[in-house]
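Visitor: quick one, what's the 3D model for this:
(4 chains)
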There are 2 protein chains.
Amino acid sequence: MKASNKAKHRTDMISAALRSAILERVLMPGMKLPEDSLGERFGVSRTLIRQSLERLAAEGLIELRRNKGAMVAKPSLEEARDLFELRTQIEDLVISRVIKNMTPDIITELEAHLAKEVEAEHAAEPKSIRLATEFHILLAKLAGSPVLLRYVEEIGYRCGLTLSLYARPHSTDCGIAEHRQIIEALAKGDADTARDLMRHHLNAVADRALFTSDEGGPLLYLDALEPYAKKVRDGGA
Amino acid sequence: MKASNKAKHRTDMISAALRSAILERVLMPGMKLPEDSLGERFGVSRTLIRQSLERLAAEGLIELRRNKGAMVAKPSLEEARDLFELRTQIEDLVISRVIKNMTPDIITELEAHLAKEVEAEHAAEPKSIRLATEFHILLAKLAGSPVLLRYVEEIGYRCGLTLSLYARPHSTDCGIAEHRQIIEALAKGDADTARDLMRHHLNAVADRALFTSDEGGPLLYLDALEPYAKKVRDGGA
DNA sequence: GTATAATTGATTGCATACAATTTCGCCACC
DNA sequence: GGTGGCGAAATTGTATGCAATCAATTATAC
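Guide: This next block holds a predicted model:
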């Protein structure tokens, strides 16, 4: 990897690593993210960390408070609900677009991803969550719209963060069957059904999740970030 | 204004100034934004400029290319269309929420804003565009959802940017009557009509606008940025 | 013992410096 | 006139340094 590509990737890689860590619940809502510690962990100066944190703040995954540093965001219950509601609106568009652009390859890719989800069904919950989120991101990619992809991705991660805060244990377990049903409707070119199923799926995830608000405190266990940071330091993806 | 508040505002103020300058077509698509020049103009070091640019890049208003600096984004025609389509989905939610939260003050505020739009009808186009965009942002504020507000604002500015690139002159002129109709439907509590009108309004703006692609080149006239930068340097809003 | 003030260490905000990269201007050659 | 090469200037990427602020600990007063 050329030096220029490596350097280009570093801030992006740090941001991506932190996004994944948040989605997979290594970094929990309210957790503080000290610049120095992150810099040491990732092997860069505070400059790149600050850049990365600015990006994540813009995406709503963290909060920056003047003189108080960065913290993983703690969305309110209302915000959580609004995110899911907004997400259903956007996924409507995604479904319509995917069906419009339908090719056999699309179904193949979705089924391959579903197989990964099935395989991970009894793995640790963070992996299931990541794959479930990635299903939606893949779908948005297949929609062929960079605009839709950007918002599906951002809101997908933000919804994942709300689930960290408000989900009951294993409350995301039934998603695989719902993903399968969506794929089947897509394969039939049945846009209405696919949209209904997607809407139902997202509402179900939200309904199953947002019943309790068992909030975590401002904890700081950056050691768990090591696998993510190591990949960045090593220049990997 | 205390020093801490001033410093807190500076990056935010720079970002806001640049957003406004983009919306009001002082900064056009493709225009380069050199850090040093912006820093001099705003009276800060490159540090704050880079922070601000990172934020605007996350919002899709500018593009950052490694080793090539920042440039006002040039959305493709497809991206423009997708942004408007996405916007209709989100505004549906906004309308529903506003009606759900309806108070007489809401209509009063909207009508006051409409009066400003009427007053500016024959002013310079940038002002009309700003007020038209702010109508939607006000509506989203009145929806009472920080989540919806964030996305309405971001996508509103991005749509404004696409209009800079693709709008025919005065093609946004008929918006006032449409805004008025929306307000009337809201006042009646007629959610379906209000949503239809909003959808029609946004589709009309997009249809009127996206017929030509008269693209501008990579120009650099930072002098026009002076009023925006001066306000930031002086610590104003 | 409790509350408050002072001190100390940690962290953040942001300018500056330096290396790397890109851009521009000039010159030579075809 | 057009193209390519070279060097200088401009710009970007990013670390470092220093002042300001905050958080935690210690000292003091009641």
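
Visitor: what residues does chain A put near chain B?
Guide: Where proximity means Cβ under 8 Å from any Cβ of the partner chain, the interface of chain A facing chain B comprises A:4, A:7-8, A:50-51, A:54-55, A:57-60, A:66-67, A:78-79, A:82-83, A:85-86, A:89-90, A:92-93, A:145-148, A:150-151. No exception for glycine: its C-beta is placed from N, CA and C like everyone else's.

Visitor: and the residues you listed, which of them are buried?
Guide: Among the residues of chain A next to chain B, those classed as buried by neighbour count (16 or more other Cβ atoms under 10 Å in any protein chain shown) are A:50-51, A:54-55, A:57-60, A:79, A:82-83, A:85-86, A:89-90, A:92-93, A:145-148, A:150-151.

Visitor: roughly how far does residue A:86 sit from residue B:86?
Guide: Noted for residue A:86: a distance of 10 Å to residue B:86, by Cβ to Cβ, to the nearest Å.

Visitor: pLDDT value on the most centrally placed residue in chain A, please?
Guide: The geometric centre of chain A, computed from its C-alpha atoms, lies nearest to residue A:157 (Cα atoms, centre = their mean), at 2.9 Å. Residue A:157 is assigned 96 on the pLDDT scale.

Visitor: could you list the low-pLDDT ranges of chain A?
Guide: Regions of chain A meeting the criterion pLDDT under 70 cover residues A:1-8, A:169-174, A:210-221, A:235-237.

Visitor: name the nearest residue to whatever residue of it ends up closest to chain B, sequence neighbours excluded.
Guide: Nearest residue of chain A to chain B: residue A:58, at 3.3 Å (Cβ to the nearest Cβ). Nearest non-adjacent residue to residue A:58, counting by Cβ to Cβ, 6 or more residues apart in numbering or on different chains: residue B:58, 3.3 Å away.

Visitor: next, count neighbours for whatever residue of chain A ends up closest to DNA strand C.
Guide: Scanning chain A for the residue nearest DNA strand C gives residue A:69, at 2.3 Å (criterion: Cβ to the nearest atom of the strand). Look at residue A:69: counted by other Cβ atoms under 10 Å in any protein chain shown, it has 15 neighbours.

Visitor: my guess is it contacts residue A:36. True?
Guide: No - Residue A:69 is beyond contact range of residue A:36, at 9.9 Å (criterion: Cβ atoms under 8 Å).

Visitor: tally of neighbours for the residue of chain A found nearest DNA strand D?
Guide: Of all residues in chain A, residue A:45 sits closest to DNA strand D, with a separation of 2.7 Å (Cβ to the nearest atom of the strand). The burial metric for residue A:45, expressed as a neighbour count using other Cβ under 10 Å, is 12.

Visitor: give the contact list for it.
Guide: Residues in contact with residue A:45, defined by Cβ atoms under 8 Å, 6 or more residues apart in numbering or on different chains, are residue A:39.

Visitor: distance from the chain centre to the longest helix along chain A, please.
Guide: Ordering each helix of chain A by length in residues (DSSP state H) puts helix A:77-100 first. Computed by Cα atoms, centre = their mean, to the nearest Å, the separation of helix A:77-100 from the middle of its chain amounts to 14 Å.

Visitor: packing partners of it?
Guide: With contacts taken as 3 or more Cβ pairs under 8 Å, 6 or more residues apart in numbering or on different chains; DSSP states H and E, helix A:77-100 sits against helix A:125-143, helix A:146-166, helix A:175-187, helix A:191-209, helix B:77-100, helix B:146-166.

Visitor: from residue A:14, how far out is the closest residue to residue A:153 other than its chain neighbours?
Guide: Distances taken as Cβ to Cβ, 6+ apart put residue A:137 closest to residue A:153, at 5.3 Å, once the chain neighbours are dropped. For residue A:137, the distance to residue A:14 (Cβ to Cβ) stands at 19 Å.

Visitor: looking only at neighbour counts, state which of those two leads.
Guide: Taking other Cβ under 10 Å, residue A:137 and residue A:14 do not tie; residue A:14 has more neighbours (27 against 15).

Visitor: near DNA strand D, which residues of chain A show up?
Guide: When proximity is defined by Cβ under 7 Å from any atom of the strand, chain A lies next to DNA strand D at A:7, A:8, A:10, A:11, A:44, A:45, A:46, A:47, A:48, A:67, A:68.

Visitor: can we see that at 6 Å?
Guide: Selection of chain A residues close to DNA strand D by Cβ under 6 Å from any atom of the strand yields A:7, A:10, A:11, A:44, A:45, A:46, A:47, A:48, A:67, A:68.

Visitor: for residue A:202, see how far away residue A:27 is.
Guide: 24 Å.

Visitor: what of residue A:43?
Guide: Here the distance between residue A:43 and residue A:202 works out to 38 Å (Cβ to Cβ).

Visitor: so those two - more neighbours on which side?
Guide: Using other Cβ under 10 Å, the more surrounded residue of residue A:43 and residue A:202 is residue A:202, with 21 against 14.
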